[in-house]
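A.B. asks: the following comprises the amino acid sequence and a computationally predicted model.
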Amino acid sequence: MDQPTEAHDERPGSGSETLEDGNVEALGKAEIERLGRQRPEILGGWAAEAGFVFAVVASLCMSEYFISGFNIVLPAVAQQLRIPESQRTWPAGVINLTTAALLLPFARLCALYGGRVVFLGGHVWLLIWSVVCGFSRSPVMLIASRAMQGIGASAFLPAGLALLGQTYRPGPRKNLIFSLYGAAACVGFYFGIIMGALTGQLADWTVYFWVGAAFVFAVIVTGFFAIPRHLDHDGRDVRMDWWGLCTIVPGLLLVVYALTDGGNAPDGWRTPYIYVTFIIGGLLLCAAVYVEGWVSAQPLLSADLFRPKYMKRVSAFLFCGFGVFNIFLFYASFYIEDVLGATPLVTAAWFIPLALGGFILAITGGFVLHILPGQILLLVSGLGYVLCVLLFPLIPAQDGSSGLSTSHIYWAYIFPSMVCGTIGIDIAYNVTNVFVTTAMPRRLQATAAGLLVSLGYLGMAFWLGVADLAISTSARSRNNMGLRERYQVGFWTGVGLAGFTLCCALTVRLGRASAELTADEKYELERDAAQQ
């Protein structure tokens, strides 16, 4: 894929055995290809590599578990805790909000204390608050606990991606490992749906959190023994960007809060605390742009992150694409249960194509990323986004006039929508993960990972809030607006966003993810050439 021409780092190397003799020029094409396929020396034997990959891959699995499954168990939770419909987006979306807002600070902590420490600490935090979620007895307690869960995810997600990016060189082996990482999202996604359905229909919803906590504990134990301590840090002089922390984090929280709650406030956007919150958050983000560009010596969001070609467009694609998928996931689960009248277990069964297709795409992606150009893959992903949210609002009303049974509706609309949904999210996830981690030098791996995940989670929280605002605005302008019509507004909002995402894909011309020099090695070659 396209690589950066500016990569400033005094320390070459990718975390694996890039240069045994310290001479980049000695690496011929055959040697680069060999290094791109073999196991990194730092991992030793196959058992060490298996444990390392499992720990990092399972971390994403658990993050997806607590997002997807909660959407399925939410109707049971809302009924027992008496959460009104206007507030249901909060326990579902607040975890994405806190995760997105704190990813960059935790990425900096990875550089300060090492990815291993932050990775394990984030899981311990997630374990604690997952248990607290199970004991929740009020909406406020549940929302607060879910927000705390997001803090744990904001720590281990960039740490995990940084550990993978620092360990594996560009090449087929890295493509395969990142495909396994993407496949874990599908496994965790559907595992969460299954447990949410089982606990929501056959048991108590609290069991959903107990099961998740048990698996998080398993990840902690595995990671403690399997992640090499040599990857902790690289000894550079790194400092926390406190000015950036104090402007970016509250700015993101306040803006997304206003968007999420604006439609449900007593007077909508005319409610004083909504527009005041939005204005303050916007001012803080403006201040963050100034701080990061001209004040901070070591900004959380370095300008070097956006120097690689197409990085800005890939960032926009990620931000909008994840928003489309979250709109699709959130409203699809409610549409299936509330409008079509399916039980939680039937809903889980209907989501099988999304999970199974994602797993297949993630695994096969590792074998085609170095064959097919990234631009083609992103275009296919963009089309998948459009179709997954377009099919649901086209489903005929269940008033007997359509003459279609539930089975016909599933195979004609829901099944292809699920397939398109997994095409959208999984292809995009694989391509962008490999592109971003390959394009960045070692010193920016943790920050790039934080940016990558932050764009996704922030997009999920931000655009779900926009869709909810669109629904609330439409409901205020129309009397007696039914659930089906409300959800249709949410889906049509997703269609518009998906169209913009597809336009972003049209402008990104990424090449193949083949074996090549790392960003640090390319910089060393350029530096040596300049000195001659």
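C.D. replies: Happy to help now that I have it.
A.B. asks: and stretch 186-194, average pLDDT?
C.D. replies: For stretch 186-194, mean pLDDT is 84.
A.B. asks: over to stretch 158-173?
C.D. replies: On average, stretch 158-173 scores 82.
A.B. asks: going forward can the numbers begin at 865, since that is how I track them
C.D. replies: Got it, first residue is 865 now, which makes that one stretch 1022-1037.
A.B. asks: for it, buried residues please.
C.D. replies: Across stretch 1022-1037, burial judged by 16 or more other C-beta atoms under 10 Å covers 1022-1037. Using the backbone N, CA and C atoms, a C-beta is placed for each residue, glycine as well.
A.B. asks: next one: that stretch to chain centre, how far?
C.D. replies: Centre-to-centre, stretch 1022-1037 and its host chain are 16 Å apart (C-alpha atoms, centre = their mean, to the nearest Å).
A.B. asks: just to revisit the earlier point, out of the buried residues of stretch 1022-1037, list just those in helices.
C.D. replies: Among those, DSSP state H puts 1022-1031, 1036-1037 in helices.
A.B. asks: which residue comes closest to Val982 once chain neighbours are left out?
C.D. replies: Counting by C-beta to C-beta, 6 or more residues apart in numbering, Val982 lies nearest to Ala1023, which is 4.3 Å off, once chain neighbours are set aside.
A.B. asks: likewise Trp1074?
C.D. replies: Gly998 (5.6 Å).
A.B. asks: next, give phi and psi for Ala1019.
C.D. replies: Backbone torsions for Ala1019, taken as degrees, to the nearest 10, come to phi -90, psi -50.
A.B. asks: contact partners for it?
C.D. replies: 966, 970, 973, 982-983, 985-986, 989 (C-beta atoms under 8 Å, 6 or more residues apart in numbering).
A.B. asks: one more time with 10 Å
C.D. replies: Contacts for Ala1019 (C-beta atoms under 10 Å, 6 or more residues apart in numbering) come out as 963, 966-967, 969-971, 973-974, 981-990.
A.B. asks: among these, name the buried ones.
C.D. replies: For the contacts of Ala1019, buried by 16+ other C-beta under 10 Å: 963, 966-967, 969-971, 973-974, 981-987, 989-990.
A.B. asks: hang on, the earlier thing: between the ones in helices among the buried residues of stretch 1022-1037, which is nearest Val1232?
C.D. replies: Sorting those by how near they are to Val1232, with C-beta to C-beta, puts Pro1036 at the top with 10.5 Å.
A.B. asks: isn't that closest one right up against Ile896?
C.D. replies: No - look at Pro1036 against Ile896 with C-beta atoms under 10 Å: they stay out of range, at 11.7 Å.
A.B. asks: in stretch 1134-1148, what's buried?
C.D. replies: Within stretch 1134-1148, judged by 16+ other C-beta under 10 Å, the buried ones are 1135, 1138, 1141-1142, 1145, 1148.
A.B. asks: what sits up against that stretch?
C.D. replies: Taking C-beta under 10 Å, 6+ apart as the rule, stretch 1134-1148 contacts 1110-1123, 1125-1133, 1155.
A.B. asks: report the central residue of this protein.
C.D. replies: Nearest residue to the geometric centre of the chain (C-alpha atoms, centre = their mean): Gly1320, 4.2 Å.
A.B. asks: so how far is Ile906 from that residue?
C.D. replies: 28 Å (C-beta to C-beta, to the nearest Å).
A.B. asks: check Leu1316 too.
C.D. replies: Going from Leu1316 to Ile906 by C-beta to C-beta gives 23 Å.
A.B. asks: again with Leu1374
C.D. replies: Distance, Leu1374 to Ile906, using C-beta to C-beta: 28 Å.
A.B. asks: Leu1247 touches Cys1284, doesn't it?
C.D. replies: Yes - in this structure, Leu1247 is within contact of Cys1284 by C-beta under 10 Å, at 7.7 Å.
A.B. asks: out of these two, which sits in the more crowded spot?
C.D. replies: Between Leu1247 and Cys1284, counted using other C-beta atoms under 10 Å, the more crowded position is Cys1284 (24 against 17).
A.B. asks: distance of the closest residue to Thr1086 other than its chain neighbours relative to Glu913?
C.D. replies: Leaving aside its sequence neighbours, Thr1086 sits nearest to Ala919 (C-beta to C-beta, 6+ apart; 4.6 Å). Noted for Ala919: a distance of 11 Å to Glu913, by C-beta to C-beta.
A.B. asks: and for the two, which residues touch both?
C.D. replies: Contacts common to Ala919 and Glu913, judged by C-beta under 10 Å, 6+ apart, are Ala1090.
A.B. asks: looking at these two, which is more packed in?
C.D. replies: Ala919 (26 against 18).
A.B. asks: contact partners for Ile1091?
C.D. replies: Ile1091 makes contact with 907, 912, 915-916, 919-920, 978-981, 983-984, 1023-1024, 1027, 1031, according to C-beta under 10 Å, 6+ apart.
A.B. asks: again with Gly1087
C.D. replies: Applying C-beta under 10 Å, 6+ apart, the residues near Gly1087 are 915-916, 918-920, 922-923, 980, 983-984, 987, 1020, 1023-1024, 1027.
A.B. asks: and for Ser1197?
C.D. replies: Neighbours of Ser1197 in contact, by C-beta under 10 Å, 6+ apart: 932, 934-939, 956, 1057, 1060, 1206, 1208, 1211-1212, 1214-1215.
A.B. asks: out of the residues you listed, which one sits closest to Gln1262?
C.D. replies: The closest of the contacts of Ser1197, once distances to Gln1262 are taken by C-beta to C-beta, is Ala1206, at 11.4 Å.
A.B. asks: so that closest one touches Gln1262, yeah?
C.D. replies: No - using C-beta under 10 Å, Ala1206 is not in contact with Gln1262, being 11.4 Å away.
A.B. asks: shared neighbours of those two, anything?
C.D. replies: With C-beta under 10 Å, 6+ apart as the test, Ala1206 and Gln1262 both reach Thr1270.
A.B. asks: more crowded one of those two?
C.D. replies: Set side by side, Ala1206 and Gln1262 show more neighbours around Ala1206, with 19 against 15, by other C-beta under 10 Å.
A.B. asks: helix, strand or coil: sort out that one for me.
C.D. replies: Following DSSP: H, G, I helix; E, B strand; the rest coil, we place Ala1206 in the coil state.
A.B. asks: go on, the one 5 residues further on?
C.D. replies: Here Thr1211 takes the helix state, with states given by three-state DSSP.
A.B. asks: so who does the closest residue to it other than its chain neighbours touch?
C.D. replies: Leaving aside its sequence neighbours, Thr1211 sits nearest to Ile1200 (C-beta to C-beta, 6+ apart; 4.9 Å). Counting by C-beta under 10 Å, 6+ apart, Ile1200 makes contact with 936, 1206-1208, 1210-1212, 1214-1215, 1256, 1270, 1273-1274, 1278.
A.B. asks: swap the cut-off to 8 Å and go again
C.D. replies: With C-beta under 8 Å, 6+ apart as the criterion, the residues that contact Ile1200 are 1206, 1210-1211, 1214, 1278.
A.B. asks: per-residue confidence for it?
C.D. replies: pLDDT, read off for Ile1200, is 91.
A.B. asks: next one: Lys893
C.D. replies: Looking at Lys893, its pLDDT stands at 67.
A.B. asks: what do you get for the one 10 residues further on?
C.D. replies: At Arg903 the predicted local distance difference test score is 78.
A.B. asks: Asp1290: neighbour count?
C.D. replies: 29.
A.B. asks: same question but for Leu1169, I mixed them up
C.D. replies: Leu1169 - counted by other C-beta under 10 Å - has 21 other residues nearby.
A.B. asks: Ala1331 too?
C.D. replies: 29.
A.B. asks: packing partners for the helix or strand hosting Asp1290?
C.D. replies: Using DSSP states H and E, Asp1290 sits within helix 1279-1303. Packing partners of helix 1279-1303 (3 or more C-beta pairs under 8 Å, 6 or more residues apart in numbering; DSSP states H and E): helix 1003-1031, helix 1036-1065, helix 1175-1198, helix 1216-1232, helix 1238-1254, helix 1309-1341.
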